[in-house]
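**Q** Turn this into a structure:
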Amino acid sequence: MKRVLVLGAGLVARPALRYFLRHPEYRIVVATSQPERGEQLMGEHPRGRVMQLDVRDHAALAPLVAEADAVLSLLPAELNPGVARVAIAERRPLVNTSYANADMRALDEEARREGVLLLCEMGFDPGFDHMTAAATVRRLRFAGGRLTELASACGGFPAQDANTNPWGYKFAWRPQAVMIAGRRPARYLADATEVTIGEGEVFRHHWPIVVDGLGVFEVYPNRDALAYREPYGLADVRAMFRGSLRYPGWSETMDAAFRLGLFELAPEAIAVGTTYRDFVSRRVDGGSGGRLVERVASYLGVDPDSEILARLEWAGLFSDRLVPEREAAPIEVFGNRLAKLMAYQPGERDLAVLKHVFTVVFPDGSREEVTAQLVEQGEAWGDTAMARTVSLTAAIGVRLILEKGVQAVGVQIPTLREIFEPVLQELAELGVAVAETHVRSVPGPFST
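**A** Okay, here's the model as predicted:
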């Protein structure tokens, strides 16, 4: 019997739990701060157990890790380094779905010394995007191509029949994680020139993008694309971009919220009786004079009738509704407000979308544009597309480690062939696979 410790029972957990329990040789322990949520997901399955745990209590976590053959963390990124330290101490492999941040990467040497694999970025974005990119690059190079450009974009948002609010967005995971991602700086390569975008500025850099079969969306930079040149095998490309996809209008509205201070991380006291109007007003000009919409418009340099302000007003940020938090960072107040208004309703479906565009040059001088695209739609009254693509990817990674073995140790991401080939194969068997289109141009007799 193989024993897997699953940490967390949030919005993406159910497909992973069901995946393990379909295999009779697996026994699952779900450790979570929300045991009622875990019990709802697990039911009365004889090979599943749910227990309450504060994952920051490493003394309580350690015996659970020691009893498991592998650990799957579906926790927020900031909690994973602590879990990883326990996994190293107990010499158990750990798979998680979050970016390998500096705190996690600092554990690489110790994990290698103990022979422990810490497999990070094993979800959809990051995760499935890495694997499909690395696999496509390898195949095109094997065919004799030289990769010169890669533009990659991923996103999760409501299906078009569930796109019922002016923001064009609903939350399939923690709102604060979405906001924090928008605070981060970004970097990409354009025509062999590095482009660096400062903290909090990513929403000011967005462009339209067509997703085949769905229409026009917008894309904005996602973190440091250049960090993936070597893992993808693209050290000599002239252009490399990684971006996030949204419906049009998202970026300009989130940029306005950032400029209003609604992404600030420092907690502050909020007096009883404070309204959202008060909360926003003091960020504009201390709360004095004139209609708030007009003052915000002046502060942001936009028209009072703009769609940006209409979205903020729809969210109740200019209203007399009371702010429920008593001590919280603005990013929590803002995120909690949006989460309340922009949750998926029963029966509504989401979309998880990926689009890679590769430019390849072949020895005969011909040039090919290869587009790899995934549009995964959630199930009405079932799993969301985001839950399916994130947690199935991670669960398959755990099973790969336990049943077939992975030679790599230390902090890794799934751009290794021994990981991405079998994981992508099984995902394809479950219906999660990119579709490719190829457009090739052949040089004429006078081409140089």
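**Q** All the helices of the stretch 51-200 of the chain, in order from the start?
**A** For the stretch 51-200 of the chain, the helices defined by DSSP state H, counting those that start in this stretch cover 58-67, 80-90, 102-105, 108-114, 128-142, 175-183.
**Q** Lowest average pLDDT across those helices?
**A** Ranked by mean pLDDT, the helices of the stretch 51-200 of the chain end with helix 175-183 at the bottom, a mean of 86.
**Q** Need the pLDDT of the residue nearest to Gly182 when sequence neighbours are not counted.
**A** By the measure of C-beta to C-beta, 6 or more residues apart in numbering, the closest residue to Gly182 outside its immediate chain neighbours is Met254, 5.8 Å from it. The way it works is simple: take the backbone N, C-alpha and C, and place the C-beta from them, glycine included. For Met254, the model assigns a pLDDT of 96.
**Q** Now for the nearest residue to Ala13 once chain neighbours are set aside: which residues touch it?
**A** In space, and not counting its chain neighbours, Ala13 is closest to Leu74: 5.4 Å by C-beta to C-beta, 6+ apart. Neighbouring residues of Leu74 by C-beta atoms under 8 Å, 6 or more residues apart in numbering: 6-10, 12-13, 16, 96-97, 391, 394.
**Q** any idea how far Leu74 lies from Thr415?
**A** For Leu74, the distance to Thr415 (C-beta to C-beta, to the nearest Å) stands at 21 Å.
**Q** Can you list the buried residues in stretch 108-128?
**A** By 16 or more other C-beta atoms under 10 Å, the buried positions in stretch 108-128 come out as 108, 110-112, 116-128.
**Q** what's the first-to-last distance across that stretch?
**A** Start and end residues of stretch 108-128 are separated by 22 Å (C-alpha to C-alpha, to the nearest Å).
**Q** Likewise for stretch 155-170?
**A** 12 Å.
**Q** Domain ranges for the chain, per the record?
**A** In the assignment given by automatic domain parsing, the structural domains of the chain cover 2-120, 128-252+345-384+434-441, 267-328.
**Q** Confidence-wise, which helix or strand of this protein is lowest on average?
**A** Least confident helix or strand of the chain, by mean pLDDT, DSSP states H and E, is helix 175-183 with a mean of 86.
**Q** Give me the residues contacting that one.
**A** 76-77, 171, 199-200, 202-203, 222-223, 244, 254, 258, 263, 265, 331-332, 334-336, 338-339.
**Q** Now the buried members of those residues.
**A** Looks like the contacts of helix 175-183 have 76-77, 171, 202-203, 222-223, 244, 254, 258, 263, 331-332, 334-335, 338 buried, using 16+ other C-beta under 10 Å.
**Q** Now find how far off-centre stretch 159-166 is within its chain.
**A** 20 Å (C-alpha atoms, centre = their mean, to the nearest Å).
**Q** can you check stretch 156-168 too?
**A** Centre to centre, stretch against its chain (C-alpha atoms, centre = their mean), the figure for stretch 156-168 is 18 Å.
**Q** That stretch: end-to-end distance?
**A** For stretch 156-168, the first and last residues are 11 Å from each other (C-alpha to C-alpha).
**Q** for that stretch, what is the average pLDDT?
**A** Averaged over stretch 156-168, pLDDT sits at 96.
**Q** residues making contact with it?
**A** Contacts to stretch 156-168, defined as C-beta under 8 Å, 6+ apart, come from residues 124-125, 169-170, 172, 214, 245-250, 253, 307, 310-311, 314-315, 338, 341-342, 344-345, 348-353, 377-378, 385-386.
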